[in-house]
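A.B. asks: Provided below for reference: sequence and predicted model.
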Amino acid sequence: MQRQGTVKRLAAAVIALSAMAVMGGPSSALALGFNFGDLGFFVYGGDTERYENFGTGSTVPTLEGTSVTTRNISADLATLNAGASTGLRYSLLGLSADGANFYFTTPNSTLSSAQQAGIFASGGAGEFFGFQAQHGAATGGVLANNPSLTPRAAAHSFTSMLGTDGRLNGQFTTITTQASIGSDLSIWRVNVDGLTEMYTKVGTVLLANSGQLTITPTAVPVPAAVVLFGTGLVGLVGLARRKMQGLAA
């Protein structure tokens, strides 16, 4: 019952903040926060954590668009690796501009009914929004300082506020939202509007050991040659062409 009460309060907070977003809520220019519509990219595990806001209203275009998005954080790897005794981890988190959908990453390419039952999506969204508000208020840095490097020990750091296990303070009990660098993650969308939660995989992301981040939405068109090769049609076309050439000779 206590968990249900917590989830309801967090869900109410998300809905209330959604209304603020529509009416013109807190400006992202005041600090490095991750307001409604802003996609956050987080790397942590060492003494210093890295946070990047992909821009105002970036969540849906980046994760559900038709093009690949890349970033390179190789210049920060030496700093981030200091104190990372168990390696670096990363995740993507964000809310849609209207606050109705929460986007998160997980190593799981599929989510079973049992796994979905252990995800308190509204609670996770509320925890994330609480972190971004506290971090933004504490840093006071303009968005131009984006990305930011924050000490792990800071009270407003990603892991101080959301934990180190990727479960968003226990709101995701059956899955984690993080992976080690070099391992890919699936990107999922879930509605947090109070209706029955529906989970949809919208893409994949990989932060390579080199520091290269690649986000690939499901909607990215696959080159025709790849499709043909994958279905064996390239071989059939080649065979037909050779037969035609033989007949012509």
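C.D. replies: Yep, it's here.

A.B. asks: In stretch 76-95, which residues are buried?
C.D. replies: Under the neighbour-count criterion of 16 or more other C-beta atoms under 10 Å, stretch 76-95 has Asp76, Leu77, Leu80, Ala84, Leu88, Arg89, Tyr90, Ser91, Leu92, Leu93, Gly94, Leu95 buried. Quick note: C-beta positions are derived from backbone N, CA and C, even for glycine.

A.B. asks: Val68: which of the residues you listed is nearest?
C.D. replies: Leu92 (14.1 Å; C-beta to C-beta).

A.B. asks: Could you look up the SS state of the closest one?
C.D. replies: strand (DSSP: H, G, I helix; E, B strand; the rest coil).

A.B. asks: What score does the residue lying closest to it once chain neighbours are set aside have for pLDDT?
C.D. replies: Once flanking residues are discounted, Leu92 sits nearest to Thr105: 4.8 Å by C-beta to C-beta, 6 or more residues apart in numbering. pLDDT recorded at Thr105 is 99.

A.B. asks: Identify the residues contacting Ile175.
C.D. replies: Ile175 makes contacts with Thr106, Pro107, Asn108, Leu111, Gln115, Gly118, Ile119, Arg167, as judged by C-beta atoms under 8 Å, 6 or more residues apart in numbering.

A.B. asks: For the first one, give its distance to Gly37.
C.D. replies: In this case it means Thr106. To Gly37, Thr106 is 21 Å away according to C-beta to C-beta, to the nearest Å.

A.B. asks: Now stretch 44-52: buried residues?
C.D. replies: For stretch 44-52, the neighbour count (16+ other C-beta under 10 Å) marks Tyr44, Gly45, Gly46, Thr48, Glu49, Arg50, Tyr51, Glu52 as buried.

A.B. asks: helix or strand right after the helix or strand harbouring the last one?
C.D. replies: Going back to what we said before, that points to Glu52. Secondary structure assigned from DSSP states H and E places Glu52 in strand 48-53. Using DSSP H and E, the helix or strand that directly follows strand 48-53 along the chain is helix 59-64.
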